[in-house]
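Colleague: Here is my input; please provide its structure:
(chains A, B, C, D, E and F)
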Number of protein chains: 4
Amino acid sequence: MEKLNRRERKKILAQQALTEAAIRLFSEKGFSQTSISDITNEADLATGTFYNYFQSKEDVIRYAISVKIEEAGEVLREIKNSDDSPSNKLFMISKSAGQLMNRNISLFKLLAHLPPMTSPPHGSEFKDILTSIIEEGWRRGDYKKDLPAPIICEAFMAMLQSAMMSRSIPFEENIKLKLTILLEGIST
Amino acid sequence: MEKLNRRERKKILAQQALTEAAIRLFSEKGFSQTSISDITNEADLATGTFYNYFQSKEDVIRYAISVKIEEAGEVLREIKNSDDSPSNKLFMISKSAGQLMNRNISLFKLLAHLPPMTSPPHGSEFKDILTSIIEEGWRRGDYKKDLPAPIICEAFMAMLQSAMMSRSIPFEENIKLKLTILLEGIST
Amino acid sequence: MEKLNRRERKKILAQQALTEAAIRLFSEKGFSQTSISDITNEADLATGTFYNYFQSKEDVIRYAISVKIEEAGEVLREIKNSDDSPSNKLFMISKSAGQLMNRNISLFKLLAHLPPMTSPPHGSEFKDILTSIIEEGWRRGDYKKDLPAPIICEAFMAMLQSAMMSRSIPFEENIKLKLTILLEGIST
Amino acid sequence: MEKLNRRERKKILAQQALTEAAIRLFSEKGFSQTSISDITNEADLATGTFYNYFQSKEDVIRYAISVKIEEAGEVLREIKNSDDSPSNKLFMISKSAGQLMNRNISLFKLLAHLPPMTSPPHGSEFKDILTSIIEEGWRRGDYKKDLPAPIICEAFMAMLQSAMMSRSIPFEENIKLKLTILLEGIST
DNA sequence: AATGAATGAGGTTTCATTCAT
DNA sequence: GATGAATGAAACCTCATTCAT
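Modeller: All right, here's what the predicted structure looks like:
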C-alpha cells in the first residue's frame, strides 16, 4: 500500500506541476506562443512526460477548468441552500464568483482556444442555481413576474462579468451598484 | 478627389481581398488552424503578397477591427445628435450596435487572439457618447443622480454584449427586456 | 548633345549611388544580410532600377573593385616610372597601397563572396610592376640573385597586407620595420 | 572515465556528421549556396536535427574552427618545448602550421562569413608561443634586438599565410625561401 | 513512468525577379 | 529609364510526436 501511494502521489504531482506551468505560461506568453516543451521545461520534466498525462495543449485547459468548476460548484450549492433571501443569495454569489474568477481570469480567457460549444461545460449548473433562486424570489413575491428567468440570469451574469472587467471602479463597490440597478429593475 | 489610378485601386482591392479571406477563414476554421497561405489562396494571391500588406495574422484582425470601428463611429455620432429622448437614444444605440456586432460577431471573437490590453482602441469614444447621453438624462431629471456614469455605461455595455451572446432569446427581444430592467433600475 | 549628356550623367549618378549604397551596406550588415531592396532603399531608388545597372549583388562588387583597380593602376605606374631607387619605390608603393587599401578595406573583404579565381583581376598588373622593380634592383646589383622574383613579390605583398591588418602597431611605423626586414633579407 | 553510453555516443556522432557535411558542402558549393537541409541530407539526418546542435550555419563554422584550434595548440606547445634552436622551431612551426592549414584551407576561408572581429579566437596563444621563441633567440644572441617582437611575429605569420596562398610556388619550397629572407632580415 | 534526441511535416518568411504602368 | 506590387520558389525554423533507453 505504501509504495503504491507514493507512486500515485508522484503521478499527481507531475500532473499538477504540468497544469500549473501550462496555465502560467499561457497567460504570460499566450497560448500559441507556448510550446509543449516550454511547459515541460517550466515544470522541470522531460518533453515526453507531458504525453503521459495529456493528449494536447488544449487538454490541459480542459483539465484545469474542470478542476475549477468542481470547486465552484461546491460553493454555489452551499449558498443556494442557505437561509438567506434571494437577493442576498445573489449578492453572495456575485461575491464569491467574483473572487473565483478574479483568481482564474487568465484561465477563462483560454476558453477561446477550445473548439466552440465546448465552452461552458458547467454553465448550465450555474444557470440552474440562479434560476432556482429567481423562482424562489417569485414565490416570495419579491420579483416582477413579467421577465423571463433566462433574461434575468443573463443580466446577472453580464453585470458580474462587467464588474470583473472594469478598470474604473473596484469590484466590490462596482458589483454592489450594478446589482442595485438590477434588483431595482426586477423587483416589484 | 478620388483620383486613384489603376495601380492604387488594385492595391486597395488586394488588401480588401486578403482581409475578407482572412476573417472568413478565421471564423470557419479557427485562427490558429488558418495559415497565411490558406489566406492568400482564398484571396487568389501569392503567398508573398500577404507580407506587402500585413506583418502577421494578428495584424489582419487589428486592421479589420479598425475599419469596423470607423464605421460604427459615424452611426453613433448621428444618434447622439438626434432629437430623441436619452432612453430612446440608448435603445437606438443598442439596436444598431447589435446589428453591427451581429454582422461582425466572428470578428469580435478574434480579439482573444490579440495580446491583451490592445482590445478596445475605441471604447473611449463609445463611452464618451454614452456618458453625454446619461448626462442629458440627468439634466432632464429622467435618471437617478446617485449612480456614477461609468457604472451605467458599463452596465449598458454589459447588457448589450450579453444580449448579443445569448443563445436562448433572440437579440431584438432580448435587448428590449434587458434595457427595460436597466432603465427601470436607473430611472427616478 | 545637351539632352543626351544630362541623361548620361543621371545614369552614371544612379549607378554610383547604387554602388556606394551597396558597399556601405555590405560592410555594415554583411553581404548576405543585405538585400537588393536594402540597396535601392539606401540609394533612394526603386527596386527594379537596380536591374538596369547590375545583374546581381555580386556584380556590384566586381564593378566597385574594377573602379578601384583603375585608380590604383594610375598611381602604380607613376611610381614605377619615377627616378627613385628600387628600394625607395617599394617604400612608396607600400605607402600608397596602404592608403588605398585602408580606404577600401571592407571592399576587399567582399572578394570572398565572389566565385574563386575571379579574385585578383589585376593582381597580375601589380605583380608585373613589382617584378620590373625587382629586376631593376638586380641590374643595379642591389638585390641577391638567388631568390625568385615571385617569392619576393609575394613576400612584399604579405608584409603589406600584414601591416594593414595589424592592430598593435600603426601602419606607417609597421610597414617601415617590415620592409626593413625584407630589404635586409634580400639585399646583397 | 570515457563512460559514454550509447545515447551520448550517438549524439557526438551526429554533431560530427553535421559538421563534416557542412564544411564539405561549404567548400564545394559555397557557403550561401548551401542550405541547412543540404547539410542534413548530406549527413543523413532530418532537417530539424540540425537545430539540436547549432543555431545557424555560421555556428557550424565557429564550432569546426574551435576544434581545429584545439588540435593546433597541442602541436605548437610540443614544438615550443623541444630542444631545437629558435630558427629551427620557426621552421617546424611553419611546416606543421602549413600542413594543418592546408588540410583545412577551405575551413579558414569560411571565416569571411562570420561577423568581423570574431576571427582569431586563438591568435593570442599562437602569438605568445612565437614571442617566447623570439625571446629565446634574443637571449642566445641569434636575433637583432632593435625589432619589436610583435613585428617579427606578424611578419612570420604573413610569410606563412602568403606561402599557403601562393599559386605559383609549392608550399614547402615557398616557405623555406620566405623564412630564409625573414631570418636573414632579423639575424645579427 | 521518465527521458530527450530524432523526426519531418508544415508553417513562416524572405527576396530576386518580372512587368505593367 | 524608373517604378514598386506581385510573384512563388526556396529558404528558414518550429514543434508535436515518437520511441529506444
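Colleague: where in chain A is pLDDT low?
Modeller: Residues of chain A meeting the criterion pLDDT under 70: A:1-9, A:115-123.
Colleague: Could you spell out which stretches of it belong to which domain?
Modeller: When chain A is parsed with automatic domain parsing, its domains come out as A:1-54, A:64-184.
Colleague: Point me to the residue of chain A nearest DNA strand E.
Modeller: Proximity of chain A to DNA strand E (Cβ to the nearest atom of the strand) peaks at A:Gly48, 1.9 Å away. Backbone N, C-alpha and C define where each C-beta goes, glycine included.
Colleague: Would you point to the one among the domains of chain A that's packed deepest?
Modeller: domain A:64-184 (a mean of 17; mean count of other Cβ atoms under 10 Å in any protein chain shown).
Colleague: That one near chain B at all?
Modeller: Yes. Applying Cβ under 8 Å from any Cβ of the partner chain, one finds domain A:64-184 in contact with chain B at A:109, A:112-113, A:115, A:147-148, A:150-152, A:154-155, A:157-159, A:161-163, A:166, A:168-169, A:174, A:177-178, A:180-184.
Colleague: mind listing the helices for chain A?
Modeller: A:2-29, A:36-42, A:50-53, A:57-80, A:86-103, A:105-109, A:123-139, A:149-165, A:171-186 (DSSP state H).
Colleague: what's the fourth one packed up against?
Modeller: Right, the one you point to is helix A:57-80. In terms of contacts (3 or more Cβ pairs under 8 Å, 6 or more residues apart in numbering or on different chains; DSSP states H and E), helix A:57-80 is packed against helix A:2-29, helix A:36-42, helix A:86-103, helix A:105-109, helix A:123-139.
Colleague: again, only using 6 Å
Modeller: Helix A:57-80 is packed against helix A:2-29, helix A:86-103, with contacts defined by 3 or more Cβ pairs under 6 Å, 6 or more residues apart in numbering or on different chains; DSSP states H and E.
Colleague: what residues does the last one touch?
Modeller: Helix A:86-103 is contacted by residues A:Ala72, A:Val75, A:Ile79, A:Ile133, A:Glu136, A:Gly137, A:Asp142, A:Leu160, A:Met164, A:Phe171, A:Ile175, A:Leu183 when judged by Cβ atoms under 6 Å, 6 or more residues apart in numbering or on different chains.
Colleague: next one: phi and psi at the residue of chain A found nearest chain C?
Modeller: Proximity to chain C, evaluated over chain A using Cβ to the nearest Cβ, is greatest for A:Gln33 at 26.1 Å. Main-chain torsions, A:Gln33, degrees, to the nearest 10: phi -80, psi -10.
Colleague: How about the contacts made by the residue of chain A closest to DNA strand E?
Modeller: A:Gly48 is in contact with no residue at all, counting by Cβ under 6 Å, 6+ apart.
Colleague: Tell me the spacing between the closest residue in space to A:Leu76 that isn't next to it in sequence and chain B.
Modeller: Spatial nearest neighbour of A:Leu76, chain neighbours left out: A:Ile129 (5.2 Å); criterion: Cβ to Cβ, 6 or more residues apart in numbering or on different chains. According to Cβ to the nearest Cβ, to the nearest Å, A:Ile129 stands 16 Å off from chain B.
Colleague: what do you get for A:Leu13?
Modeller: For A:Leu13, the distance to chain B - Cβ to the nearest Cβ - is 30 Å.
Colleague: do A:Ser87 as well
Modeller: For A:Ser87, the distance to chain B equals 13 Å [Cβ to the nearest Cβ].
Colleague: if we can go back for a sec, of all the helices of chain A, which lies closest to DNA strand F?
Modeller: The nearest among the helices of chain A, by Cβ to the nearest atom of the strand, is helix A:36-42 at 3.2 Å.
Colleague: Export only the CA atoms of the closest one, formatted as PDB.
Modeller: Output in PDB follows, covering the C-alpha atoms of helix A:36-42 (Å, rounded to 0.1, in the frame of the first residue of the first chain):
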ATOM      1  CA  ILE A  36       4.800  21.800 -25.000                       C
ATOM      2  CA  SER A  37       8.500  21.800 -24.300                       C
ATOM      3  CA  ASP A  38       8.100  25.300 -22.800                       C
ATOM      4  CA  ILE A  39       5.600  23.700 -20.400                       C
ATOM      5  CA  THR A  40       7.800  20.700 -19.500                       C
ATOM      6  CA  ASN A  41      10.800  22.900 -19.000                       C
ATOM      7  CA  GLU A  42       8.800  25.100 -16.700                       C
END
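Colleague: touching chain D at all, it?
Modeller: No. Figure legend: helix A:36-42 not in contact with chain D (Cβ under 6 Å from any Cβ of the partner chain); closest approach 12.0 Å.
Colleague: For that helix, name the packing helices and strands.
Modeller: Contact analysis of helix A:36-42 by 3+ Cβ pairs under 6 Å, 6+ apart lists helix A:2-29 as its packing neighbours.
Colleague: what comes into contact with stretch A:35-46?
Modeller: For stretch A:35-46, using Cβ under 6 Å, 6+ apart, the contacting residues are A:Ala17, A:Leu18, A:Ala21, A:Ala22, A:Leu25, A:Thr47, A:Phe50.
Colleague: same thing but at 10 Å, please
Modeller: Under the contact criterion Cβ atoms under 10 Å, 6 or more residues apart in numbering or on different chains, stretch A:35-46 has outside partners A:13-26, A:28-29, A:34, A:47-54, A:56-57, A:60.
Colleague: ok now that stretch, how far from the chain's centre?
Modeller: The gap between where stretch A:35-46 is centred and where its chain is centred comes out at 26 Å by Cα atoms, centre = their mean, to the nearest Å.
Colleague: May I have the distance across it, first residue to last?
Modeller: 13 Å (Cα to Cα, to the nearest Å).
Colleague: How about it and DNA strand F, any contact?
Modeller: Yes. Applying Cβ under 7 Å from any atom of the strand, one finds stretch A:35-46 touching DNA strand F at A:Ser35, A:Ile36, A:Ser37.
Colleague: Show me which of those residues is closest to A:Ile65.
Modeller: Among the residues of stretch A:35-46 next to DNA strand F, A:Ile36 lies closest to A:Ile65 (Cβ to Cβ), at 18.7 Å.
Colleague: So what would you say the end-to-end distance of stretch A:25-34 is?
Modeller: 6 Å.
Colleague: should've said stretch A:30-48
Modeller: First residue to last in stretch A:30-48 (Cα to Cα) measures 22 Å.
Colleague: got it, and stretch A:37-47?
Modeller: Stretch A:37-47 has an end-to-end distance of 5 Å (criterion: Cα to Cα).
Colleague: again, but for stretch A:95-114
Modeller: Taking Cα to Cα, stretch A:95-114 runs 27 Å from one end to the other.
Colleague: anything in it near DNA strand F?
Modeller: No. Using Cβ under 7 Å from any atom of the strand, stretch A:95-114 stays clear of DNA strand F, coming no nearer than 12.1 Å.
Colleague: from the middle of its chain, how far away would that stretch be?
Modeller: 5 Å.
Colleague: Equivalent analysis for stretch A:156-168, please.
Modeller: 14 Å.
Colleague: for stretch A:51-69, same thing?
Modeller: On the basis of Cα atoms, centre = their mean, stretch A:51-69 is displaced by 15 Å from the centre of the chain it belongs to.
Colleague: Just the CA atoms of that stretch, as CSV, please.
Modeller: Extracted C-alpha coordinates of stretch A:51-69, given in CSV (Å, rounded to 0.1, in the frame of the first residue of the first chain):
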residue,chain,number,x,y,z
TYR,A,51,2.1,12.7,-23.0
ASN,A,52,1.7,10.5,-20.0
TYR,A,53,-0.9,13.0,-18.7
PHE,A,54,-2.4,14.9,-21.6
GLN,A,55,-3.2,14.4,-25.2
SER,A,56,-2.6,18.1,-26.3
LYS,A,57,-2.2,21.6,-25.1
GLU,A,58,-5.9,22.1,-25.3
ASP,A,59,-6.3,19.1,-23.0
VAL,A,60,-4.6,21.0,-20.2
ILE,A,61,-7.1,23.8,-20.4
ARG,A,62,-10.0,21.4,-20.2
TYR,A,63,-8.5,19.7,-17.2
ALA,A,64,-7.6,22.9,-15.4
ILE,A,65,-11.1,24.3,-16.0
SER,A,66,-12.8,21.1,-14.8
VAL,A,67,-10.9,21.4,-11.6
LYS,A,68,-12.0,24.9,-11.0
ILE,A,69,-15.6,24.1,-11.9
